[in-house]
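no sequence for this one, just the structure:
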């Protein structure tokens, strides 16, 4: 375990390929906006599987673009999505993930194309 594990990136700017993640100085503000939106959506309870998957894809794409941590973002994002799904009355079966397909969907979602990610999440419910 790193001493900085679980803490927001404060000075480290990171990118993957052509994708640059949220600059560290904006992480607290962007996370606050994300969680406020989730709160207003009532932690999205009462949605059908398809509607939940679409909303979860948007949430996950935004969370990934923020990329709050220096390491472990993907693992923490999936654990968080599992909790959100359970709270919304859905079970997210992470053991059904096909890593290459899910990664491709995450990359596409970074370019504001969330449909593939919604399909991937729907497969896991």
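Received the coordinates, thanks. Model, not experiment: these values are computed from the prediction.

For the rest of this, base every contact and every neighbour count on C-alpha atoms.
Fine.

OK, contacts around the residue sitting nearest the centre point of the chain?
Centrality entry for the chain: nearest residue to the mean C-alpha point is residue 60, 2.4 Å, by C-alpha atoms, centre = their mean. Going by C-alpha atoms under 8 Å, 6 or more residues apart in numbering, residue 60 touches 77, 81.

now do the one 3 residues further on
Shown here is residue 63, whose contacts under the criterion C-alpha under 8 Å, 6+ apart are 31, 34, 77.

Show me how to select, in ChimeraX, the buried members of these.
Applying 16 or more other C-alpha atoms under 10 Å to these, the buried members can be selected in ChimeraX as follows:
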select :31,34,77
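
Among the contacts of residue 63, pick out the one closest to residue 22, please.
For the contacts of residue 63, the closest approach to residue 22 (C-alpha to C-alpha) belongs to residue 31, at 10.4 Å.

so which strand or helix has that closest one?
Using DSSP states H and E, residue 31 falls within helix 27-40.

That helix - contacts with which helices or strands?
helix 49-66 (3 or more C-alpha pairs under 8 Å, 6 or more residues apart in numbering; DSSP states H and E).
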